[in-house]
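Student: Give me the fold of what follows.
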Amino acid sequence: MAQKPESSPKNLFEDLIRRRDQYRKRAQDAVVVIKAKDVQFEKNRLGHIGWYLHPSLTNTAIRTMMTYVQEIPSGGRSGRLHFQGGQVIYVWEGKGHTMLDGVRHEWQQGDSLNLPLRRDGITVQHFNDDSRGRVRLIVSEPNVVDLLGMDRGTRYEVLEEAP
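Tutor: Numbering: from 1, shown residues only. This next block holds a predicted model:
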């Protein structure tokens, strides 16, 4: 038996206007420049990450991107993640390699990685090969979480946690 659609506001067009007005107010007061000193780092299953843009950070001027800095200590590694792909990564500091679907890709400071967007997703993990210091990666990708859900057409799974 088919389910009834959930109840909606009395006037859906006026609801769009209300949303427009809320967006304009938020954009007027939004943070345009995010200072590195204001970014709070967190330890999570992927490692040590400082978020600049995230779907839950609603005070920024744009929400169309997810952007963060990932720090990996000397000899360390990130978590291993299976997800849709479509990330661009800039190597801000250090040297190491990335395992992408079982293939090793070496990189160093100043390099950029373009992780492919694949129908069945990709599996990726980053390693710090620098015995002298940390690696810092700047990671950015389109924020399509609200459009496609967190699985984004494939699945979003941490396969191995960072130490």
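Student: can you give me the strands in the chain?
Tutor: Under the criterion DSSP state E, the chain contains strands at 41-44, 47-53, 65-72, 80-85, 88-93, 95-100, 103-108, 112-114, 117-128, 135-142, 157-160.
Student: for those strands, which one sits closest to residue 31?
Tutor: strand 47-53 (10.0 Å; Cβ to Cβ). C-beta here means a position set from N, CA and C on the backbone, and glycine is covered the same way.
Student: In TSV, list the strands of the chain along with mean pLDDT and distance to residue 34.
Tutor: As requested, the strands of the chain are arranged in TSV below (pLDDT from 0 to 100; distance: least, Cβ to Cβ, whole Å):
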stretch	mean pLDDT	distance to residue 34
strand 41-44	97	14
strand 47-53	97	5
strand 65-72	97	9
strand 80-85	96	24
strand 88-93	98	15
strand 95-100	98	26
strand 103-108	98	25
strand 112-114	98	21
strand 117-128	96	23
strand 135-142	97	12
strand 157-160	96	26
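Student: Residue 13 is nearest to which of those strands?
Tutor: Nearest to residue 13 among the strands of the chain is strand 135-142; the distance by Cβ to Cβ comes to 28.4 Å.
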